[in-house]
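Visitor: starting from these lines, generate the structure:
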Amino acid sequence: MVRAGVSLATALILSACAVAPIGPRGDFVPRSDYPHPLRTQSYAEPGQCRGGSKLSAVETPKPDYPRRAWKHGVQGWVIVELDVGLDGRTENVAVLREAPAGWFNGVTVSAVEDWRFLPPQSGRLTDCLVRIDFKLGQVMIAG
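Guide: From the prediction side, this is the model:
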């Protein structure tokens, strides 16, 4: 009986360590569930640029986890629509969908506006979709 209690306590301690990364703002403590992410491909029409299918990234710095979202333990995602000009720079960056609303859109758009790609060989790319995940204090580019 004692052995089972020790194992459970150890598992809880280890799981708490796994979900609370320490960053420059202290520990991240999730206080919201991660909203079920939508697939970016479900928003793309046939033949449209889809995240990684036609894009060759040169520089794609991730956005910072917003200070307010970090403080409140909020998790979420943003689907961004963008065009890539003949010089490889992003143009017309806009939030297509986000969850939860209003937490991550500003930092996401600012970061994506600075992204650079190899110049497209077949002309300008339009309506490219990329999802950025903000989960457990980490930022990931999902595609």
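Visitor: okay, now the unreliable bits of this structure?
Guide: Across the chain, residues meeting the criterion (pLDDT under 70) sit at 1-24, 40-48, 50-54, 143.
Visitor: for it, what spans make up the helices?
Guide: Under the criterion DSSP state H, helices of the chain are mapped to 2-18, 67-72, 105-113.
Visitor: tell me the contacts of residue 141?
Guide: 60, 62, 130-133 (C-beta atoms under 8 Å, 6 or more residues apart in numbering). C-betas here are computed from N, CA, C, even on glycine.
Visitor: try 10 Å this time
Guide: Applying C-beta atoms under 10 Å, 6 or more residues apart in numbering, we find residue 141 in contact with 51-52, 57, 60-63, 111-112, 115, 130-133.
Visitor: buried stuff in stretch 65-81?
Guide: Residues of stretch 65-81 classed as buried: 65-66, 69-70, 74-81 (neighbour count, 16 or more other C-beta atoms under 10 Å).
Visitor: bridged to the nearest residue in space to residue 85 that is not next to it in sequence, which residues?
Guide: In this structure, residue 85 finds its nearest non-sequential neighbour in residue 91, 5.1 Å apart by C-beta to C-beta, 6 or more residues apart in numbering. On the basis of DSSP bridges, residue 91 is bridged to residue 83.
Visitor: what is the neighbour count of residue 91?
Guide: 13 (other C-beta atoms under 10 Å).
Visitor: likewise for the one 4 residues further on?
Guide: For residue 95, the count of nearby residues is 17 (other C-beta under 10 Å).
Visitor: is it true that it touches residue 107?
Guide: No: shown here, residue 95 and residue 107 do not form a contact pair, counting by C-beta atoms under 10 Å, at 11.1 Å.
Visitor: overlap in contacts, the two.
Guide: Contact criterion C-beta under 10 Å, 6+ apart; residues shared by residue 95 and residue 107: 78, 132.
Visitor: and residue 123, how far is that from residue 81?
Guide: To residue 81, residue 123 is 18 Å away according to C-beta to C-beta, to the nearest Å.
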